[in-house]
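Student: After the sequence you'll find the predicted model.
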Amino acid sequence: MDTTHHEKCAISIPKIPIPNNFQKITPEALAELLEKNASVLLVDVRGPDYVGGHIPGAVNIPYSEGFEAKCPDLRKDHGNKDNVVFYCMYGQLRSPSAALDYLKSADETEAKKVFVLLDGFNKWMQTFHDSMDGKIEGFDKSQWSDSWEHVHDIVPLSAKQVHSAHSAHSAHK
């Protein structure tokens, strides 16, 4: 039997099981939750791209700095929240990975809703840049282009900017 080129070249990509309580949340829905003073833990898992602004009240734990090992402390320090929202710049890699790590370390009896901010902080900025009051903390316009893209994604950061970003990050802790 002949096999097609596609069948010969097909590779098997493992599927990551995503728990039922892992959901995506839009910036608008998250803003509504926050305005209602809902019990929400915001976890910003960005590293140097944290510079430029963040959602008020967010805890910054860079994913690249051993996030999985920090999950027990995150639970201990903030375990009283009903909803946990993870976000990175685009919501594509770091925040979904952090949410999965958080869920893997969960107690089976824990009934929290775990979310990832749809399209990340970049979408939050695009949605709320005209009404930043109460929606964005630590805003630095120099970190954003006129089309609201983070400059870290347009021009690589210099070593001095990276050092400055880490210093600013440490000061927020």
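Tutor: Done, it's in.
Student: Determine the three-state secondary structure at Ala34.
Tutor: One correction, residue 34 is Leu, not Ala. helix (DSSP: H, G, I helix; E, B strand; the rest coil).
Student: Quick check, pLDDT for it.
Tutor: pLDDT for Leu34: 93.
Student: Likewise for Ile55?
Tutor: Model confidence at Ile55 (pLDDT) stands at 95.
Student: now Gln23
Tutor: 91.
Student: what about it, which SS state?
Tutor: Per three-state DSSP, Gln23 ends up strand.
Student: Quick check: Glu28 touching Thr127?
Tutor: Yes: using Cβ atoms under 8 Å, Glu28 is in contact with Thr127, at 6.8 Å. Placement of C-beta: from N, CA and C, glycine included.
Student: When those two are compared, which one has more neighbours?
Tutor: For Glu28 and Thr127, the more surrounded residue by other Cβ atoms under 10 Å is Thr127, and the numbers stand at 17 against 13.
Student: which ones are touching that one?
Tutor: Pro27, Glu28 (Cβ atoms under 8 Å, 6 or more residues apart in numbering).
Student: For it, give its distance to Asp44.
Tutor: Per Cβ to Cβ, to the nearest Å, Thr127 is found 16 Å from Asp44.
Student: Okay, now the unreliable bits of the protein?
Tutor: Within the chain, the stretches with pLDDT under 70 are 1-21, 108-111, 132, 150-173.
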